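Trainee: heads up, no residue letters with this:
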């Protein structure tokens with residue numbers, strides 16, 4: 001078994017990131033969204049993507065933007081996507097009828113039990129690529145929100161997908177600051193808009209978000225996730241509120257520092273393994289705000305490799321080798337997670 005002892009907080013391990021100057025091929029899954037949803041001819045897509053990427057990277061130099069990593073649609077590749085994200089949203093759209101866009105009564109599904117009307121939020125949405133994929137796959141836009149701290153990225157997303165005429169900008173909450181002081185009078189009044197969804201979200205997606213912060217700030221983010229989740233889901237529903245996503249991980253949890261950037265805020269700061277992730281959520285749930293309110297907390301995660309077929313756009317998650325688990329030089333593993341929460345009513 002690999003040594004999973006956390007590294008000391010001062011022992012930040014270095015890693016490098018690189019910017020790809022051009023895009024050789026548009027992954028087919030992403031190209032399909034641009035063709036069918038955005039109506040952009042395939043011959044124009046590579047240049048269009050690169051131009052928008054360059055504009056975004058100039059103001060937000062995240063590694064995932066510079067490397068075109070965002071062209072891999074991580075939410076759609078998540079094992080929980082079909083059954084626990086897309087499925088509930090599509091059923092909500094199918095059952096909306098004349099009340100489309102408004103809260104509908106809970107529906108009884110013979111296979112799934114009592115199901116609460118879903119509301120999806122994509123935190124750290126970047127260009128909103130996962131949101132567009134959801135809508136492209138049949139989810140109703142009226143049940144979807146997204147947030148980011150950067151209006152520039154949201155604007156680039158509308159330019160990338162050319163859907164201002166079909167997707168309301170009101171669905172994109174900016175600034176959406178997961179570290180905002182939730183007791184501040186500024187929350188929900190311009191300094192942070194996520195408070196508008198406190199207690200309403202049933203499906204919360206965060207990919208490449210947690211690893212941007214030190215551990216203590218990650219705990220703040222986790223607490224904010226709990227505030228966003230809906231609290232009145234019936235205990236017998238079998239459908240607890242869901243938090244899912246992925247981030248860069250490590251078999252040896254601890255701090256990492258990006259060598260080739262002076263912009264610390266765009267680095268992977270603290271990476272988890274399975275045990276440290278579990279411990280973080282247990283710690284947050286035990287705090288005074290939550291210990292008497294959470295009926296059940298189910299934390300699941302795994303360390304895998306994230307392998308993207310750059311031509312097809314598909315992502316696979318093979319198990320890492322023993323040697324890969326042992327490496328401490330910044331070689332990235334992918335930490336994929338699902339956190340299910342049921343609250344006492």
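Mentor: That came in fine, so what should we check first? On a predicted model such as this, the values are computed, not experimentally measured, just so you know.

Trainee: okay, CA-based contacts and neighbour counts for the rest of this
Mentor: Will do.

Trainee: Quick check: beta-bridge partners of residue 242?
Mentor: According to DSSP bridges, residue 203, residue 340 are recorded as the beta-bridge partners of residue 242.

Trainee: tell me the centre residue of the protein?
Mentor: Centroid-nearest residue in the chain: residue 206, 2.2 Å away (criterion: CA atoms, centre = their mean).

Trainee: And the next helix or strand past the top helix by length along the chain?
Mentor: Scanning the chain for the longest helix, with DSSP state H as the assignment, gives helix 42-59. Along the chain past helix 42-59, the next helix or strand (assigned with DSSP states H and E) turns out to be helix 63-66.

Trainee: Quick one: mean pLDDT over that following helix.
Mentor: In this model, helix 63-66 has an average pLDDT of 90.

Trainee: Stretch 254-264 now?
Mentor: When the per-residue pLDDT values of stretch 254-264 are averaged, the result is 66.

Trainee: ok, now stretch 25-32?
Mentor: 98.

Trainee: likewise stretch 142-157?
Mentor: Here the average pLDDT along stretch 142-157 is 98.

Trainee: Same check on stretch 165-184?
Mentor: Looking at stretch 165-184 alone, the average pLDDT works out to 90.

Trainee: Buried residues of that stretch, list them for me.
Mentor: Along stretch 165-184, these residues count as buried under the neighbour rule (16 or more other CA atoms under 10 Å): 169, 172-180, 182.

Trainee: Which stretches in the stretch 151-300 of the chain count as helices?
Mentor: Along the stretch 151-300 of the chain, counting by DSSP state H, counting those that start in this stretch, helices occupy 151-161, 215-228, 274-285.

Trainee: closest to residue 141 out of these?
Mentor: When these are compared for distance to residue 141 using CA to CA, the nearest one is helix 151-161, at 14.4 Å.

Trainee: Between helix 42-59 and the closest one, find me the angle.
Mentor: What separates the directions of helix 151-161 and helix 42-59 is an angle of 170 degrees, with axes from the mean of the first three to the mean of the last three CA atoms, to 10 degrees.

Trainee: next one: helix 151-161 to chain centre, how far?
Mentor: Using CA atoms, centre = their mean, to the nearest Å, we find the averaged C-alpha position of helix 151-161 to lie 17 Å away from the chain's own average C-alpha position.

Trainee: Show me what it is packed up against.
Mentor: Using 3 or more CA pairs under 8 Å, 6 or more residues apart in numbering; DSSP states H and E as the contact definition, the elements that helix 151-161 packs against are helix 42-59.

Trainee: What lies in contact with the helix it packs on?
Mentor: Contacts to helix 42-59, defined as CA atoms under 8 Å, 6 or more residues apart in numbering, come from residues 22-26, 31, 34-35, 65-66, 68, 152-153, 156, 159-160.

Trainee: Nearest to residue 212 among those residues?
Mentor: residue 65 (14.2 Å).

Trainee: In contact with the closest one: list those residues for me.
Mentor: Residue 65 sits next to 53, 56-57 when contact means CA under 8 Å, 6+ apart.
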